[in-house]
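Participant: mind looking at a prediction? Sequence and model below.
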Amino acid sequence: MKKAILLSVAVFVCVKLFSQHRITPLPKFKTVCTPEHQIQQNVLPGQPSHSSISLKPTPPEKNADFVNIVNLGTSGNAYWFMQKGSYLWADDNLKTVTNFHQFGGSLQGSFKQYGYDISTDAGLNWTNQILCFTENLNMPARHTHHGIYNPPENLDPAEAYVSYFGKKAMEVPYYYHGRAKIGDQSDTTDNWISQVPADSLFFYDPSGFVITQTGEIWVSDFSMSWESGTMEYFNKIIVSHGIWNEAIEDFEFELFSLDFPILYDFRPADSKVAFSPNGQVAWIAVLSDDGSVPISANRSFYPILWKTTDSGQTWEGPISVALAGENGIDKVKDFLSDAELEELYGYIPDRNTIEFTTAYDFDLHVDTFGKPHIAVVVGITGEDPYSIVTGMSETTGYMFAAPFDITVEYYPTEEWFGYELGRLKTFRGTFGDITSGNRIQIASSWDGLYMMITWGDTDLPGVEDNQQPDIWFRGVDVVTHWLTGNGNGEDKPINVTEFSEGMWQSYFHNLSHYAFKIEDTDRLFTVPLTYLQMNPEDPGEPVQHKYITDFVANFEIWGVPDASLKMESIAVSECMPNPAQKSFEITINVFETVNLDLMVCNLAGQKVFELPNQSFPPGDHPINIDVSSFEPGVYIISISSEGIKVSRKLIVK
């Protein structure tokens, strides 16, 4: 108790000191509040509170060099898609991609039915409106996540399954999940999971979902309830873990929670979960404020994470990522020019005193090294707590915000850093009675070596809000730290839908968790993307799902490297199995020829095994070590290579 009291006093003192020296932007710049609050914009009397939808200009005739777009299924309205979800999923081994959605619209099925569209040739040809389940008991399904479960060693799409997970209506205390066999449309399941009030596990609306390459499902949600008449957050993150049961040919779920108290009186902004390609390292992330970053306490959102290195058996956290202040990310603190800062504040403040905040949604992936990649928009905190400045700079013509890929560098010291992916023109659009932000999302190659980030933005004269979005793209090579360019050799993102039928109308776009590697190439990927064709003034009207068939992420044509980062030369897997009894295997992936040392020490620092220094050529190098003579306990495996040192923890039973 004494320790908790001292910590509370320390946080209070830090918050008090920062509040006394807080700087805020000039009031002429509009800001946007959290989704739980109304849009607040500082506009002159008589002006509209948001940009009206302008008359869409007629795009030029389509050029064959630009993307092709095909129709998928239809839905009864757009409301189901206003929250991002795992609606689009691609499996590179099967060359299969599925688009999950509510039915209705011009094709068969009603808005009470849910299913998928599917292509088994990497998105070229499609079969649409395949039914998975129908609502029952008049309990409408909310945002349903899905992915493809592919049994081990299987290469036949017909033997794989579309697996889904979601939440019934807000007032209904159930999750639902099931699967549909791709090769037999009549072979489906539909299951329910009841919430656990005794453990303060009140289901809200899962926003994180992943099917790992090892065949497990992980879902994240916030424990919240409306039973009191107002939303109550119970300081917990609910984690659902699904394991395939071959006997019943379906997933069985177990639930647990992570304690997560916060400073403010509404829920964290968003949550996500993602695993490394080998299924050993994973991260759960949220956008929130738990008081651990003094300059941001009671003011701004920032990423907070939990990590596992044993495939989800144990989780370490919370781990806060400071965007601002002395310990903030340099790339974030430096992305605005001095001229922009002077325009924003009336003078050029010390960059360590500037408050930065994330937007209210993000996406998450984990690369081959086990590092998280947080795709998120970062901007300036407004006058109101947890607001973000969305005004445009007259100096640059961009917002005071940018999309980032935030990740961590372990060597020579652990340090969070960010790739700035571009700049934004607009932030949030209003479509009838719903809003949508930039919907930033991240995909990766199957091997986790390339990250691919998309977001929606409107770049039209006179349009101040994100009313007529295009889809924008940037790629990151996690080994070389190079970023893709815009196709013209410039260090800029590329407009995916420019001069296509989706130009200025790529509403509510979705990106798959994985991309397709193009055969017989090394660094070319087809990136699965969908959007809605809809009436932007009435989201209650039927919508047409659109799929972009041929957008290629080209990692052979570059923008510029991040000169502050050193190219990775090796990647090291976790120990398998862990805990180990007789032996374990660790794999070293070498990207360029290096000399390596490997040493195993106990916690007292005593060396119990050593692999002499030797040269390793490029490729995967599995190393099997006999531990049958080791005493039970914890050991550290250290692998050194020319100034780089990688450590892994091993438990011997």
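Facilitator: Good, I have the coordinates. Residues are numbered from 1 along each chain as shown.
Participant: where in the protein is the helix or strand with the lowest mean pLDDT?
Facilitator: Lowest by mean pLDDT, DSSP states H and E among the helices and strands of the chain is helix 2-20, with a mean of 39.
Participant: can you name the next helix or strand after it?
Facilitator: strand 31-32 (DSSP states H and E).
Participant: what is that next one packed up against?
Facilitator: strand 388-389 (3 or more Cβ pairs under 8 Å, 6 or more residues apart in numbering; DSSP states H and E). Quick note: C-beta positions are derived from backbone N, CA and C, even for glycine.
Participant: now the helix or strand just after the strand it packs on, how far from the centre of its chain.
Facilitator: Downstream of strand 388-389, the next assigned helix or strand under DSSP H and E is strand 401-409. Relative to its chain's centre, strand 401-409 lies at 11 Å (Cα atoms, centre = their mean, to the nearest Å).
Participant: list the neighbouring strands of strand 401-409 plus their orientation.
Facilitator: Paired with strand 401-409 in the same sheet, following DSSP bridges, are strand 372-380 (antiparallel), strand 415-420 (antiparallel).
Participant: count of residues packed around D433?
Facilitator: Per other Cβ atoms under 10 Å, the neighbour tally for D433 reads 10.
Participant: my bad, should have said C601
Facilitator: C601: 16 neighbours (other Cβ under 10 Å).
Participant: try I304
Facilitator: 24.
Participant: which residues of the stretch 551-653 of the chain fall in strands?
Facilitator: 552-554, 558-561, 570-572, 583-590, 594-602, 607-616, 619-626, 633-641, 644-652 (DSSP state E, counting those that start in this stretch).
Participant: swap in the stretch 51-200 of the chain?
Facilitator: If you assign secondary structure with DSSP E, counting those that start in this stretch, the strands in the stretch 51-200 of the chain sit at 69-75, 88-91, 96-102, 113-119, 127-134, 145-149, 161-167, 174-181, 191-194.
Participant: quick check: the gap between the nearest residue to N624 once chain neighbours are set aside and V572.
Facilitator: What sits nearest to N624 in space, not counting adjacent residues and going by Cβ to Cβ, 6 or more residues apart in numbering, is E585, at 4.9 Å. Distance of E585 to V572, computed by Cβ to Cβ, to the nearest Å: 12 Å.
Participant: for F616, same thing?
Facilitator: F616 sits 12 Å away from V572, going by Cβ to Cβ.
Participant: who's in contact with W218?
Facilitator: 208-210, 212, 239-242, 273, 275, 282, 312 (Cβ atoms under 8 Å, 6 or more residues apart in numbering).
Participant: quick check, pLDDT for V321.
Facilitator: What the model reports for V321 is a pLDDT of 97.
Participant: hmm, back to that, the more surrounded of E585 and V572?
Facilitator: Between E585 and V572, counted using other Cβ under 10 Å, the more crowded position is V572 (22 against 13).
Participant: if we ignore the residues flanking it in sequence, what's nearest that one?
Facilitator: Using Cβ to Cβ, 6+ apart, the closest residue to V572 is V646 (4.5 Å).
Participant: list the contacts for that neighbour?
Facilitator: 410-411, 570, 572, 638-640.
Participant: and the residue nearest the centre of this structure?
Facilitator: Centroid check for the chain by Cα atoms, centre = their mean gives D363 as the closest residue, at 1.5 Å.
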